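Engineer: starting from these lines, generate the structure:
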Amino acid sequence: MFRNYFKTACRNLLHNKIYSFINIAGLSLGLACTMLIMLYVNDEVSYDKFHKNVGQIYRLDKETTKDNGDFHYNSYTGYFQGPRFGQALRTMPGIVYTT
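Structural biologist: Predicted coordinates:
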């Protein structure tokens, strides 16, 4: 039964060459794009997963407002950094450790 289906499929592929090429090229392009999207999503989801307490890690962002009213976000701490920054954060409730 499967051999008959295989023969029919081969005959159709050889008879309609352009149509078959378009279908096979579209299928391979779709599969390649799907694989690349899956690799990208997997990389983004696994970011910082190697840390021991991954559920307790947070990043501080600084929000600034420009003169025209636009918001700008930065992930650096600016001038307030180093040991004083860690000491100030430890005084807040819920913060266990800072680096």
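
Engineer: return the distance of residue 75 relative to residue 60.
Structural biologist: Distance of residue 75 to residue 60, computed by Cβ to Cβ, to the nearest Å: 7 Å. Where you see a C-beta, it was placed from the backbone N, CA and C, and this is true even at glycine.

Engineer: these two: who's more crowded?
Structural biologist: A direct count of neighbours by other Cβ atoms under 10 Å for residue 75 and residue 60 places residue 60 higher, at 11 against 8.

Engineer: can you confirm that one is in a strand?
Structural biologist: No. Read with DSSP: H, G, I helix; E, B strand; the rest coil, residue 60 is coil and lies in no strand.

Engineer: so what does it have for phi and psi?
Structural biologist: phi -90, psi 140 (degrees, to the nearest 10).

Engineer: in the chain, which spans are strands?
Structural biologist: Under the criterion DSSP state E, the chain contains strands at 62-65, 71-74.

Engineer: strands paired with the last one, and their directions?
Structural biologist: The reference is to strand 71-74. strand 62-65 (antiparallel) (DSSP bridges).

Engineer: how many residues are close by residue 13?
Structural biologist: Count around residue 13 with other Cβ under 10 Å applied: 14.

Engineer: please name the nearest non-neighbouring residue to it.
Structural biologist: The spatial neighbour of residue 13 that comes closest, neighbours along the chain excluded (Cβ to Cβ, 6 or more residues apart in numbering), is residue 20 at 4.6 Å.

Engineer: hmm, the one you found is touching residue 11, no?
Structural biologist: No. If you go by Cβ atoms under 8 Å, residue 20 and residue 11 don't touch, sitting 10.9 Å apart.

Engineer: re earlier: mind putting the strands of the chain into CSV with distance to residue 39 and mean pLDDT?
Structural biologist: CSV is the format used below for those (distance: least, Cβ to Cβ, whole Å; pLDDT from 0 to 100):
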stretch, distance to residue 39, mean pLDDT
strand 62-65, 32, 81
strand 71-74, 27, 79
